[in-house]
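>>> what would the 3D arrangement of this be:
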Amino acid sequence: MSILKISISFVPELNPATTRREFGGGPCWVIPGFVKLPGDPFKTKYLSSRFCFATANGGGFRKELKGVGRGDAVIIVDHGSRRNDSNLMLNEFVVMFREKTKYPIVEPAHMELAEPSIKDAFSSCVQQGAQRVIVSPFFLFPGRHWHQDIPSLTAEAAKDHPGVPYVITAPLGLHELLVDVVNDRINYCLSHVAGEEDECSVCAGTGKCRLYN
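Have a look, this model is predicted:
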């Protein structure tokens, strides 16, 4: 009988700080020690479901994910700030996201405190020909805004556009690629402290990225 093992695809290499998990008789890919898995690793609601299932004889399959298609529009929504610089950063991210993904319709929106609102962004998407709207919360973890506020505001916006369905995606959560983002930010800031790099666009002009004694 083949022994089923789980290969977590987001772990690129072994790290001394990670914990080795074993299923059956052989070692599996490693999972960071700070991630607490339940008894059944297939039932955790926090880790990404993008597993690669493989049997001991080398067979297996990869779960394929559905992507953005023609007629889809994406709204990336953050909380919104009274600081205009913070709001403008979302615009810059949307430009980066659009250029990277090549999605034709991508709009920024702020949940509150700033424009454009979710309602404005939804209307803009429909005016550009969107047949379905995908609202992606630019939040780290689920909370009241994801559970209540964003769904309520999106539902209100959709009333003006009957026949245009929408979906609200999960926030960033414990996505494996965030490990790379955080690690890259740490290394860049340490390089700046060492005098090897200029301040990043976030810290530019603030003097905050320095070594405190």
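
>>> which residues touch residue 91?
Taking C-beta atoms under 8 Å, 6 or more residues apart in numbering as the criterion, residue 91 is in contact with residue 108. Glycine gets a C-beta too; all of them are placed from N, C-alpha and C.

>>> where's it, which helix or strand?
Element membership of residue 91, judged by DSSP states H and E, is helix 84-101.

>>> mind listing what's buried along that helix?
87, 89, 90, 94, 97, 98 (16 or more other C-beta atoms under 10 Å).

>>> which residues are in contact with the helix or strand containing residue 123?
Secondary-structure assignment from DSSP H and E places residue 123 in helix 118-127. Helix 118-127 has contacts (C-beta under 8 Å, 6+ apart) with 73, 75, 77, 105, 107-111, 116, 133, 135, 150, 153-154, 156-158, 160-161, 164, 166.

>>> check what contacts stretch 198-207 and list those residues.
Outside of stretch 198-207, the residues that reach it under the criterion C-beta under 8 Å, 6+ apart are 89, 185, 188, 189, 192, 209.

>>> which one of the buried residues of helix 84-101 sits closest to residue 65?
Taking C-beta to C-beta as the measure, residue 65 sits nearest to residue 97 out of the buried residues of helix 84-101, at 17.3 Å.

>>> once you drop chain neighbours, what's closest to the closest one?
Leaving out its chain neighbours, the residue that sits closest to residue 97 by C-beta to C-beta, 6 or more residues apart in numbering is residue 106, at 5.9 Å.

>>> just residue 171 next, same as before
residue 139 (4.1 Å).

>>> hmm, which helix or strand of the chain has the shakiest average pLDDT?
Ranking every helix and strand in the chain by mean pLDDT, DSSP states H and E puts strand 51-55 at the bottom, with a mean of 34.

>>> got the domain boundaries for this structure?
Described in terms of automatic domain parsing, the domain architecture of the chain consists of the residue ranges 4-62, 72-168, 181-213.

>>> mean pLDDT lowest where, among these?
Taking each of the domains of the chain in turn, the lowest mean pLDDT turns up on domain 4-62, with a mean of 42.
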